[in-house]
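Asks: Everything below, folded, please.
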Amino acid sequence: MMVPDGDPRALRVGVAPAHRLDGDPSASIAPPPADGAAGGTAPWPDGTDAPGAVARLDGSPVRARLIAVDAARARLEVSRGGSVDRTPVLFGPARLDRARGTTVREVVVDGWRVEVEVEPERRALLRERARRGAGAIGAGGPVEVRAIIPGRVVAVAVEPGDAVEAGQQVLVVEAMKMQNELRAPREGTVERVGVAVGATIEVGDLLVVIR
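Replies: As a prediction, this is how the structure comes out:
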């Protein structure tokens, strides 16, 4: 599911956790190469031109385009093997899942309703790396989250006893007029929160302990 070379434009799309079943895949989708090597400017089988209508799905080029009908309805067209598959899609409102740092949107695809989760591919890879690191560390040992930049705490999203996922937001720190989210490096339970909203922190200060 990785996009070659970690294309910064790539997105990870998958079924949202509340609707996900074991084995449900996610997909990495990126725009076509700038040089058009994947055939982005070639006509579709129906003879229409579709410049840039090439996506990378799980690392393989797929011709795809989403044609808007109105603000809520669209038609998904996928070109494979000389034919075009067309699927009606209905979009519900999008909402931000602040805990996971993703955008969740309800969609109805060919009559089936599901919520999908969208996030930058690079963030998804960091989340997966954090989970792998958690397995290497082991579930028993505590992990200390320390400040890597000086700043001021503007939000605390967890408290002792909270269960957290790898990648879940735990704090927001303002530094140089920018807000920076700090996320849990592993799954576990919050054992200690060392700062409060409004606190000034320096590099190395203990922020959160997760066990």
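Asks: okay, now the domains of this protein?
Replies: For the chain, the structural domains run 4-122, 139-210, going by automatic domain parsing.
Asks: following the lowest-mean-pLDDT helix or strand in the chain, which helix or strand comes up?
Replies: Scoring the helices and strands of the chain by mean pLDDT, DSSP states H and E places strand 54-57 at the bottom, with a mean of 59. Counting by DSSP states H and E, the element after strand 54-57 in chain order, helix or strand, is strand 60-68.
Asks: For that following strand, which strands pair with it and how are they oriented?
Replies: strand 54-57 (antiparallel), strand 73-80 (antiparallel) (DSSP bridges).
Asks: Name the residues of it that come out as buried.
Replies: Buried residues in strand 60-68, counted by 16 or more other Cβ atoms under 10 Å: 61-65. The C-beta positions use only the backbone N, C-alpha and C, and glycine is treated the same way.
Asks: can you tell me which of these lies nearest to R105?
Replies: Using Cβ to Cβ, A64 comes nearest to R105 of these, at 17.5 Å.
Asks: E128: which of the domains of the chain is closest?
Replies: Closest among those, using Cβ to Cβ: domain 139-210, at 8.3 Å.
Asks: from the middle of its chain, how far away would the closest one be?
Replies: Distance of domain 139-210 from the chain centroid (Cα atoms, centre = their mean, to the nearest Å) equals 20 Å.
Asks: Stretch 18-28 too?
Replies: The answer for stretch 18-28 is 13 Å, by Cα atoms, centre = their mean.
Asks: what about that stretch, start to end distance?
Replies: When the termini of stretch 18-28 are compared using Cα to Cα, to the nearest Å, they are 20 Å apart.
Asks: Thank you kindly, that will do.
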